[in-house]
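Peer 1: Need a 3D model of the following:
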Amino acid sequence: KNNRRFFAPSPSEIRLKAKREISGKNYSIGVYHYFCYLISKVFRLRF
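Peer 2: Residues are numbered from 1 along each chain as shown. Got it, this is the predicted structure:
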């Protein structure tokens, strides 16, 4: 049940959000979102 919350945003949305955060002041949040994007990509390749 809780897995849907983790995969809710699409990778492109996460990457756009990360770019917005990095261009702003929240650099660490942007990096965190980008790592989530990379992890989701890896999971899609694995399964």
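Peer 1: Quick one: the strands in the chain, in order.
Peer 2: Counting by DSSP state E, the chain forms no strands at all.
Peer 1: which helices and strands sit right next to the longest helix that it contains?
Peer 2: Under DSSP state H, the helix in the chain containing the largest number of residues is helix 27-46. Helix 27-46 is packed against helix 11-23, with contacts defined by 3 or more Cβ pairs under 8 Å, 6 or more residues apart in numbering; DSSP states H and E. For glycine as for every other residue, the C-beta is placed from the backbone atoms N, C-alpha and C.
Peer 1: which residues touch the closest residue to S23 other than its chain neighbours?
Peer 2: In this structure, S23 finds its nearest non-sequential neighbour in G30, 7.8 Å apart by Cβ to Cβ, 6 or more residues apart in numbering. Neighbour list for G30: K17, A18, K19, R20, E21, I22, S23, G24 [criterion: Cβ atoms under 8 Å, 6 or more residues apart in numbering].
Peer 1: repeat that for 10 Å
Peer 2: For G30, the contact set (Cβ atoms under 10 Å, 6 or more residues apart in numbering) comprises R15, K17, A18, K19, R20, E21, I22, S23, G24.
Peer 1: P11 too?
Peer 2: P11 neighbours (Cβ under 10 Å, 6+ apart): C36, Y37, L38, I39, S40, K41, R44.
Peer 1: Mark which of those are buried, thanks.
Peer 2: C36, Y37, S40 (16 or more other Cβ atoms under 10 Å).
Peer 1: Distance to S10 and pLDDT added to the residues you listed, as JSON lines?
Peer 2: Shown next, in JSON lines, are those (distance: Cβ to Cβ, whole Å; pLDDT from 0 to 100):
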{"residue": "C36", "distance to S10": "11", "pLDDT": "83"}
{"residue": "Y37", "distance to S10": "9", "pLDDT": "82"}
{"residue": "S40", "distance to S10": "8", "pLDDT": "83"}
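Peer 1: For those residues, give me JSON lines that also has distance to P11.
Peer 2: As requested, the buried ones among the contacts of P11 are exported to JSON lines (distance: Cβ to Cβ, whole Å):
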{"residue": "C36", "distance to P11": "9"}
{"residue": "Y37", "distance to P11": "5"}
{"residue": "S40", "distance to P11": "5"}
